[in-house]
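Chemist: fold the following and give me the result.
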Amino acid sequence: MQKETLIRIGNGNFVIASRVVAILNPASSPMRRLREDAKNEGRLIDATQGKKTRAIIVLDSNHVLLSSVGADTISQRIFSSRQDSLSAESAYPYENTEDLQ
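Modeler: Predicted structure coming up:
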């Protein structure tokens, strides 16, 4: 069974890493349209708590999540969590100790 990993996206908010489809920079016009479309359709989740939006996260449910943590920081957190889970799996490749005998 796969273990779900939570990623901090700022202000005490978390998202499940496996649900993230894209992490985007909010500065461009297409990203502003993405945000507006999601807001109009009720798919926007604002997790900035009044701070400046530094990243837009698109989830596999087609929800758009606004974060006050930068896109680079979030992507590094996801990458390091995947590396940690891979190293943990390689350290314990067996499901139970009976396989070791």
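Chemist: mind saving the C-alpha coords of stretch 35-43 as CSV?
Modeler: Output of stretch 35-43 as CSV, limited to C-alpha atoms (Å, rounded to 0.1, in the frame of the first residue of the first chain):
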residue,chain,number,x,y,z
ARG,A,35,-7.4,31.6,-11.6
GLU,A,36,-10.5,33.6,-12.7
ASP,A,37,-12.1,30.6,-14.5
ALA,A,38,-11.6,28.4,-11.5
LYS,A,39,-13.1,31.1,-9.2
ASN,A,40,-16.2,31.4,-11.5
GLU,A,41,-16.6,27.6,-11.6
GLY,A,42,-16.2,27.1,-7.9
ARG,A,43,-12.9,25.2,-8.2
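Chemist: can you give me the strands for the chain?
Modeler: Using DSSP state E, the strands of the chain run over 6-10, 13-16, 20-24, 44-46, 55-59, 64-67.
Chemist: same question for the longest helix belonging to the chain: list its buried residues.
Modeler: Secondary structure of the chain per DSSP state H: the longest helix is helix 71-91. Neighbour-count burial for helix 71-91 flags 71, 73-74, 77-78 (criterion: 16 or more other CB atoms under 10 Å). C-beta: built from backbone N, CA, C; applies to glycine.
Chemist: so Arg82 sits against Ser18, correct?
Modeler: No - counting by CB atoms under 8 Å, Arg82 does not reach Ser18; the two are 9.5 Å apart.
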